[in-house]
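**Student:** Curious how this folds, go ahead:
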Amino acid sequence: MLHTTLVVLLFLISTTFSKIYFKETFKTDPFSNKRWVHSNWKKDSGEASEFQWSGGLWPVGDRKGIRTAEDAKFYAITSKFQEEFDNTGKHLVLGFSVKHEQTIDCGGGYVKLLPPTTDATTFNGDAKYSIMFGPDICGPTKKVQAIFHHDGQNLLKKSDVNAPEDEFTHTYVLIVNPDDSYDIRVDGKSEASGNLKDDWDFEKPKTIQDPKAKKPSNWVDSELMDDPDDKKPSDWDDEPEKIVDPDATKPEDWDDEEDGTWEAPLIDNPQYKGKWKAKRIKNPEYVGPWKHPEIDNPDYVEYKDVYKRGPLSFIGIEIWQVKSGTVFSDFIVADNVAEVEAFLKSTNVSKEQEEAAKSAYDEANKPPPSDDDHHDDDDDDSFKTDL
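**Tutor:** Next up is the predicted model:
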């Protein structure tokens, strides 16, 4: 009892001093009051489309989000934070949900955290961002992108985190801590964590191979060598690799005039010994592998506090999809992990609920029986009557 009370007390203390900078559940129309603003990017060329306020084809209850509705289109949209967020000395926690109800084959499901200078009306793929995070699927590539803007470059994670590829809702959480550590969680489970500078190239290597150093020409790094005393036997090559099959016989119906001269097929020669190779022995000149000497990297610059991502004022979605049908929902940006986890838990729908909703949708939209089906039924009845 005491332990439970202590856990609750710690949670209350942590959430009391935390702050939510952005939260969106889409309970009301996100476009009527311009909470979400579509960019004009690529609209003149007809390459862009707009999100719809929708729960998708098989929503659970009144759950809604914003959904891509046209195939092979670009989508760009932003929403402003309730308050500008500078995460100096704070945790930065981004969470949201994505449902690829079309079982996406190629397209993005990621979001971007954007600076105060963002222009919502012109937001596009070249717009500066601080973090890009979320699922990205195209063909065999199925990963959770986690990209940090740093020193004029967008840094990709060195190793991939697998993204779910089914047609149901999944939650994605990125945690950036003030000690330069991070955690990526998918459906509440940590899929990658560690130090930002270990897993992204925020810094160039401290040392590099000395460009002036070269392996000496007489350096012997072959541990083994051919035995010079081992000689190939004189009769080694006497047997050919292939021989005529001694058991083959000319078919009785073979006609030399029509079929040509019959030749027995060739088979592997069981007496063939293969290509001769001398025995391998230890090389007396072996001195070990040569190691390229390293020197201090003149281009190395130490960066401290790479966790700092602010100031941030917008969340944005800028994606392209071959096949539409992705629903984004339940966004939150806060400085407290427990706050984000509690929010996503309160808005979560189970896979069982979505499977039931999809099954009901599929049943309701099942194509009516064709005339052929009716004829087949009549034929079956007639057959039964005749019997």
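**Student:** For the most centrally placed residue in the chain, which non-adjacent residue is spatially closest?
**Tutor:** Nearest to the geometric centre of the chain sits Lys143, at 0.6 Å (C-alpha atoms, centre = their mean). Excluding the flanking residues, the one nearest Lys143 by C-beta to C-beta, 6 or more residues apart in numbering is Asp160, at 4.3 Å. In short, each C-beta sits where N, CA and C put it, glycine included.
**Student:** Bridged to Gly107, which residues?
**Tutor:** Beta-bridge partners for Gly107, by DSSP bridges, are Ile137, Gln321.
**Student:** Please tell me the pLDDT value assigned to it.
**Tutor:** Note on Gly107: pLDDT of 91.
**Student:** Same question for Phe11.
**Tutor:** Residue-level pLDDT assigned to Phe11 equals 44.
**Student:** With the one 3 residues further on instead?
**Tutor:** Turning to Ser14, the model gives it a pLDDT of 47.
**Student:** Repeat that for the one 5 residues further on.
**Tutor:** At Lys19 the predicted local confidence, pLDDT, stands at 95.
**Student:** try the one 4 residues further on
**Tutor:** Predicted confidence (pLDDT) for Lys23: 97.
**Student:** And Gln153, by the same measure?
**Tutor:** Gln153 is given a pLDDT of 95.
**Student:** since we're on it, how many residues are nearby?
**Tutor:** A total of 11 residues lie near Gln153 under the criterion other C-beta atoms under 10 Å.
**Student:** How is the residue nearest to the centre of the chain assigned, secondary-structure-wise?
**Tutor:** Three-state call for Lys143 (DSSP: H, G, I helix; E, B strand; the rest coil): strand.
**Student:** Does it touch Leu156 like I think?
**Tutor:** No: under the criterion of C-beta atoms under 8 Å, Lys143 is not in contact with Leu156, lying 9.8 Å apart.
**Student:** now the helices for this protein?
**Tutor:** With DSSP state H as the criterion, the chain has helices at 2-16, 196-199, 256-259, 337-347, 351-364, 371-386.
**Student:** follow-up on the earlier one: now do the same contact list for the residue nearest to the centre of the chain.
**Tutor:** Pro135, Asp136, Ile137, Asp160, Val161, Asn162, Ala163 (C-beta atoms under 8 Å, 6 or more residues apart in numbering).
**Student:** So what sits opposite Ser79 in the bridge?
**Tutor:** Trp36, Ile315.
**Student:** so it sits right up against Lys34, yeah?
**Tutor:** No: if you go by C-beta under 8 Å, Ser79 and Lys34 don't touch, sitting 9.2 Å apart.
**Student:** For the two, indicate the residue with more neighbours.
**Tutor:** Counted by other C-beta under 10 Å, Ser79 and Lys34 do not tie: Ser79 has more neighbours, with 20 against 11.
**Student:** Now for the more buried one: which residues touch it?
**Tutor:** Phe22, Glu24, Pro30, Arg35, Trp36, Val37, Phe314, Ile315, Gly316, Phe331.
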